[in-house]
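Undergrad: what's the 3D shape of this:
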Amino acid sequence: MTDLSHFDPNGASNPNNNIFGLPFSEEDARLVILPIPWEVTVSYNAGTARAADHIFKASMQVDLFDADCKEAWKQGFHMRSPDRKILLKSDYLRKEAELYIDYTSKGEIVEKNNFMCKSLKEINEGGVYLNNWVYEHTRQLLQQGKLVGLLGGDHSTPLGYFKAIAEKHPDFGILQIDAHCDLRKAYENFKYSHASIMYNALTEIPALSKLVQVGVRDYCQEEWDYLQANKDRVVTFFDKDIKEKLFEGETWKKIADEIVEQLPQQVYVSFDIDGLDPKLCPNTGTPVPGGFEAAHIFYLLKRVIQSGRTIIGFDLSEVGVGDIEWDANVGARVLWKLCNLLTASNS
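TA: Reported below is the predicted structural model:
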């Protein structure tokens, strides 16, 4: 057990401690944050592979008191160091992906270029490798009785965690906070693209009984057709529809409760930071006008718990890296709230 007798939660954070300045080892922590430094298939801005280090630094400025989850942190939060092997593999494959995307965007035929064929094969094999790596590490943590939060990286990173948590919870739903549907099939020919995470989850994980998407405001015809064909399993609350209800006088409480009603008992939260207003995440991979204040989502998650449902895990992805550490600052506070809510929901 970690000795907290000399730890001052009101004082300045000690950077020699772990995330949020907390003094917990992985062994003593109830919740372990697994950073995944991976962004191979990002299709616009890069940088999220290095978000964990920036969020760690920014977390030292987060006050530990949370009025909604008082002293949840005392159960212990610990973040592992990003695996450098994963980061190096991501950097290498990212360069190949950039060349491939540039080549195909000009209408060139992949089959006519042996180098591009080789790159596509390596990138897709890299996705399989990453999924298996995440699955093994999250499965081991779950078997140890840990609560697990995954910190991306791009939004392709949690698929292996979805599979691990499905073994523990054979009927669960995902609450997806996102500007995008992420329901494209093999976007840009990358099977495990960040834009395909939810398509892959629904295709490969039978235990995933419901996907509830909130804040979507950028999607293609293929994704719209998928939504129309899978209404029994996917419910999407589009940003436009939510805003119109708010403009016409409906309360966020009513809308939030309508969202919660669509969820099963066990809820996994998949939080792409671009679900927020881009003023809060200007350097995210694919920013889109619109979105939420952080308080909207924190209230929604609070209503999930108040409904009697259980949050069983989370991922936070697509936090960008910029010259000013605003993205990391917001990301650290979102991560803090997710850690508190996951712990409180399993007390």
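Undergrad: contact partners of the lowest-mean-pLDDT helix or strand in the chain?
TA: Sorting the helices and strands of the chain by mean pLDDT, DSSP states H and E puts helix 84-105 at the bottom, at a mean of 94. When contacts are taken as C-beta atoms under 8 Å, 6 or more residues apart in numbering, the neighbours of helix 84-105 outside the stretch itself are 36-43, 46, 49-50, 110, 113, 116, 119-120, 122-123, 126, 129-130, 133, 153, 188-190. Placement of C-beta: from N, CA and C, glycine included.
Undergrad: gap between that helix and the chain center?
TA: Taking the mean C-alpha point of helix 84-105 and that of its whole chain, the gap between them comes to 21 Å (C-alpha atoms, centre = their mean, to the nearest Å).
Undergrad: tell me what the next helix-or-strand element following it is packed against?
TA: The C-terminal neighbour of helix 84-105 among helices and strands, as given by DSSP states H and E, is helix 114-143. Helices and strands in packing contact with helix 114-143 are listed as strand 31-36, helix 84-105, strand 147-152, helix 159-168; criterion 3 or more C-beta pairs under 8 Å, 6 or more residues apart in numbering; DSSP states H and E.
Undergrad: returning to that earlier point: for the least confident helix or strand of the chain, buried residues please.
TA: Across helix 84-105, burial judged by 16 or more other C-beta atoms under 10 Å covers Ile86, Leu87, Lys89, Ser90, Asp91, Leu93, Arg94, Glu96, Ala97, Tyr100, Tyr103, Thr104.
Undergrad: make JSON lines from the helices and strands packed on helix 114-143 and add distance to Glu244 to it.
TA: Putting the helices and strands packed on helix 114-143 into JSON lines (distance: least, C-beta to C-beta, whole Å) gives the following:
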{"stretch": "strand 31-36", "distance to Glu244": "36"}
{"stretch": "helix 84-105", "distance to Glu244": "35"}
{"stretch": "strand 147-152", "distance to Glu244": "31"}
{"stretch": "helix 159-168", "distance to Glu244": "32"}
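Undergrad: among these, which is nearest Leu300?
TA: Set against Leu300 and scored by C-beta to C-beta, the helices and strands packed on helix 114-143 come closest in strand 147-152, at 17.5 Å.
Undergrad: please name the strands paired to the closest one in the sheet, noting orientation.
TA: Partner strands and pairing direction for strand 147-152 (DSSP bridges) are strand 31-36 (parallel), strand 310-317 (parallel).
Undergrad: now the ones you listed in TSV, with mean neighbour count, mean pLDDT and distance to Leu263?
TA: Compiled in TSV, those are given as follows (neighbours: other C-beta atoms under 10 Å; pLDDT from 0 to 100; distance: least, C-beta to C-beta, whole Å):
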stretch	mean neighbour count	mean pLDDT	distance to Leu263
strand 31-36	26	98	21
strand 310-317	25	98	10
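Undergrad: out of these, which is closest to Phe56?
TA: Nearest to Phe56, of all the strands paired with strand 147-152, is strand 31-36, at 8.4 Å by C-beta to C-beta.
Undergrad: so Val319: helix, strand or coil?
TA: Using DSSP: H, G, I helix; E, B strand; the rest coil, the structure places Val319 in coil.
Undergrad: contact partners for it?
TA: Under the criterion of C-beta under 8 Å, 6+ apart, the contact list for Val319 reads Thr48, Ala51, His54, Ile55, Gly152, Ile273, Cys281, Thr284, Asp327, Ala328, Val330, Gly331.
Undergrad: residues contacting His78?
TA: By C-beta under 8 Å, 6+ apart, the contact set of His78 is Asn18, Ile19, Leu22, Phe24, Ser25, Glu26, Asp28, Ala29, Leu31, Val32, Ile33.
Undergrad: for the second one, which non-adjacent residue is spatially closest?
TA: When the adjacent residues along the chain are set aside, Ile19 lies closest to Met79, with 4.0 Å between them (C-beta to C-beta, 6 or more residues apart in numbering).
Undergrad: ok, now how distant is the one you found from Asp272?
TA: Noted for Met79: a distance of 19 Å to Asp272, by C-beta to C-beta, to the nearest Å.
Undergrad: now do Ser5
TA: Here Ser5 is placed at a distance of 40 Å from Asp272 (C-beta to C-beta).
Undergrad: buried sites along stretch 274-286?
TA: Within stretch 274-286, the residues scored as buried using 16+ other C-beta under 10 Å are Asp274, Gly275, Leu276, Asp277, Pro278, Leu280, Cys281, Asn283, Thr284, Gly285, Thr286.
Undergrad: how long is it end to end?
TA: By C-alpha to C-alpha, to the nearest Å, the extent of stretch 274-286 from end to end equals 7 Å.
Undergrad: average pLDDT for it, rounded please.
TA: Averaged across stretch 274-286, pLDDT comes to 96.
Undergrad: tell me the gap between that stretch and the middle of its chain.
TA: Using C-alpha atoms, centre = their mean, the mean C-alpha position of stretch 274-286 is found 13 Å from that of the whole chain.
Undergrad: for Tyr268, which of the strands paired with strand 147-152 is the nearest?
TA: Shortest distance between Tyr268 and the strands paired with strand 147-152, using C-beta to C-beta, is found for strand 310-317: 5.0 Å.
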